[in-house]
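Novice: Okay, sequence plus prediction incoming.
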Amino acid sequence: MIEFSVITIFPRMFDAILNYGITKRAIQKKCIKINLWNPRNFSDYNNKKIDHKIYGGGPGMLMMFLPLFKTLKNKKKSKTSNLVIYLTPQGKKLNQSSVKYFNNQKHLIFICGRYEGIDERFIYAHVDEEWSVGDYVLTGGELPAMIFIDSITRTLPGVLNSPNSFIDESFYSGLLDCSHYTKPRKINNLSVPSVLLSGHHQNIKKWRLKNALENTRLKKPKLIIKKINKKNNNFLYI
């Protein structure tokens, strides 16, 4: 089981993953545990204040050191292997390979910044790693935290109904996924590829590999450079 803990001033945002879908089932199966820690509950400032103006001037507010520190001090498990992560555009970018890395962790603690971020001294003293979901700015770390939790959870044993489901998905093998179809067989003069209706499993497997390579070549060609090998070279159009 992986335990996720999130330091956030908006814990109700996480109702979306606590009460729905795969993450809800993973909690029920005890594959994961999610804790939500609000730093306002550990603030000694008036009105439970957790932010202040930035030294040196400039627009916006910054989350202060002490409320974050006291939250971590009171909640962090001393006898457990903890990995404290600050979610920021300046961090390493999440991809499928790094999802596998997180699978080996016991307790992930996500710091969700707001406003202009958090005091640099807290990052220096108490953050183990900085991570990002992309090269763009969001209003807070809550959505990235949910993305991390969802992407990690779905790869854990016992979470998905089919244990091989995530292995066939885009990026897991280094390629995009192949195209998929369901009923009806024909709609608006568009038909399902005949090979998928043939029942010939070997031909279907070859078609899916060829289609996955073609999807990758057209949509994310840089992945091909990393993945191409002698076995699948015959299916690649250059």
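Specialist: Ah, there it is.

Novice: Geometric centre of the protein: which residue is closest?
Specialist: The chain has residue 148 as the residue nearest its centroid, 2.5 Å off, counting by CA atoms, centre = their mean.

Novice: So that one: helix, strand or coil?
Specialist: For residue 148, the assignment made with DSSP: H, G, I helix; E, B strand; the rest coil gives helix.

Novice: what does residue 211 give?
Specialist: At residue 211, secondary structure determined by three-state DSSP is helix.

Novice: same check, this time on the one 3 residues further on
Specialist: Reducing the assignment to helix, strand or coil with three-state DSSP, the entry for residue 214 is helix.

Novice: residues in contact with the residue nearest to the centre of the chain?
Specialist: 85, 87, 94, 102, 108, 110, 131, 133 (CB atoms under 8 Å, 6 or more residues apart in numbering). C-beta: built from backbone N, CA, C; applies to glycine.

Novice: average pLDDT across stretch 100-109?
Specialist: The pLDDT scores in stretch 100-109 average 93.

Novice: got a list of what the nearest residue to residue 118 once chain neighbours are set aside touches?
Specialist: Nearest non-adjacent residue to residue 118, counting by CB to CB, 6 or more residues apart in numbering: residue 63, 4.3 Å away. Counting by CB under 8 Å, 6+ apart, residue 63 makes contact with 39, 50, 51, 113, 114, 115, 117, 118, 119.

Novice: How about residue 85?
Specialist: Contacts of residue 85 by CB under 8 Å, 6+ apart are 108, 109, 110, 111, 127, 128, 129, 130, 131, 148.

Novice: Please name the bridge partners of it.
Specialist: Counting by DSSP bridges, residue 85 is bridged to residue 110, residue 129.

Novice: per-residue confidence for the residue nearest to residue 118?
Specialist: 96.

Novice: picking up where we left off before, now distance to residue 8 too, for the contacts of residue 85, in JSON lines please.
Specialist: Formatted as JSON lines, the contacts of residue 85 follow (distance: CB to CB, whole Å):
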{"residue": "108", "distance to residue 8": "14"}
{"residue": "109", "distance to residue 8": "11"}
{"residue": "110", "distance to residue 8": "8"}
{"residue": "111", "distance to residue 8": "9"}
{"residue": "127", "distance to residue 8": "15"}
{"residue": "128", "distance to residue 8": "18"}
{"residue": "129", "distance to residue 8": "18"}
{"residue": "130", "distance to residue 8": "17"}
{"residue": "131", "distance to residue 8": "16"}
{"residue": "148", "distance to residue 8": "13"}
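
Novice: If you rank the residues you listed by neighbours, which is first?
Specialist: With neighbours set by other CB atoms under 10 Å, the maximum within the contacts of residue 85 is found at residue 111, which has 28 neighbours.

Novice: Now for the spatially closest residue to that one that is not a sequence neighbour: which residues touch it?
Specialist: Counting by CB to CB, 6+ apart, residue 111 lies nearest to residue 86, which is 4.6 Å off, once chain neighbours are set aside. Counting by CB under 8 Å, 6+ apart, residue 86 makes contact with 111, 113, 118, 123, 127, 129, 130, 131, 141.

Novice: go with 10 Å
Specialist: Neighbouring residues of residue 86 by CB atoms under 10 Å, 6 or more residues apart in numbering: 7, 68, 109-113, 117-118, 122-123, 126-132, 141.
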